[in-house]
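Visitor: Here is the input, now give the coordinates:
(one chain, ligands or ions: 2)
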Amino acid sequence: MTATLEQRLDAFRRLDDVKMTFARRDWFPGTSGNLSIKIADDPLQFAVTASGKDKTKLSPEDYLIVDKDSRPVDATTLKPSAETLIHAVVYKKFAQAGACFHVHTVWNNLISELYFGQRAFSIQGQELIKGLGIWEENARITIPIVENFADIPTLAVAIEKVITPEVPGVLIRNHGIYAWGGNDFEAKRHLEAFEFLFEYHARWLQLRHATVSTSTTTI
Ligand SMILES: CSCCC(=O)C(=O)COP(=O)(O)O
Ligand SMILES: [Zn+2]
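Guide: Ligands and ions are numbered 1, 2, ... in the order given. Below you'll find the predicted structure:
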């Protein structure tokens, strides 16, 4: 069933909230990043950020509604995010996904670069893994890494091939992360958990390196 006006406005308000929260963390440098919230399943429709906007600001022209083919549902001069196809892939692959968020951060870029040549990043035994909805003892998670294809349909196909229901995210090398969840609250929690794990791991590697270097220095 097509979404009502009230559902659309509710999605826009929720996107405003998430956007401003992430903006305060500097998670949208240089107009990067995009956000979406699903508003209808059959046929698929979702609200998505307009392309190229300064996502640290609010304006009446921040979002539009697109269909399963990432095409605007209404007549509009706004362009959907250049990466809308990736949001569509997530919603089509996981019927339970209700929101999908993409940010470029130094930490997620560093992790993808540190594991250059590898197709995934794994981490084990961190409490914040529970933030991803994984509660088993000493859990290990593996987030796939895809190469940063400039051609978005190629990138979307690469992402479609590697994402799984177990881990709600994917890293694009030297680009950023996509994370999703059943709704905006859950997608935000997942994204925050991933970002914590990336920062923790990168800092841990740095400290370990510094400690090893100091302990091997002769006076
Ligand atoms: C300057 S960021 C390059 C494009 C990108 O990766 C991104 O996340 C933002 O693209 P959009 O079309 O959604 O504004
Ligand atoms: Zn991006």
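Visitor: all contacts plus neighbour counts: C-alpha atoms, from now on.
Guide: OK.
Visitor: So for the helix or strand where residue 10 lies, mean pLDDT?
Guide: Residue 10 belongs to helix 5-24 when assigned by DSSP states H and E. Averaging pLDDT along helix 5-24 gives 97.
Visitor: I'd like to know which elements it is packed against.
Guide: Other helices and strands packing on helix 5-24, by 3 or more CA pairs under 8 Å, 6 or more residues apart in numbering; DSSP states H and E, are strand 34-41, strand 44-49, helix 184-215.
Visitor: List the contacts of that helix.
Guide: For helix 5-24, contacts defined as CA atoms under 8 Å, 6 or more residues apart in numbering pick out 28, 35-39, 47, 55-58, 63, 65, 184, 188.
Visitor: contacting residues around the nearest residue to residue 174 once chain neighbours are set aside?
Guide: The shortest distance from residue 174 to any non-neighbouring residue, by CA to CA, 6 or more residues apart in numbering, is to residue 109 (4.7 Å). Residue 109 makes contact with 173-176 under the criterion CA under 8 Å, 6+ apart.
Visitor: Surely residue 51 touches residue 80?
Guide: Yes. When contacts are counted by CA atoms under 8 Å, residue 51 is listed as touching residue 80 (5.3 Å).
Visitor: out of those two, which sits in the busier spot?
Guide: Taking neighbours as other CA atoms under 10 Å, residue 51 and residue 80 compare with residue 80 leading, 24 against 20.
Visitor: how far away is that one from residue 88?
Guide: Distance of residue 80 to residue 88, computed by CA to CA, to the nearest Å: 12 Å.
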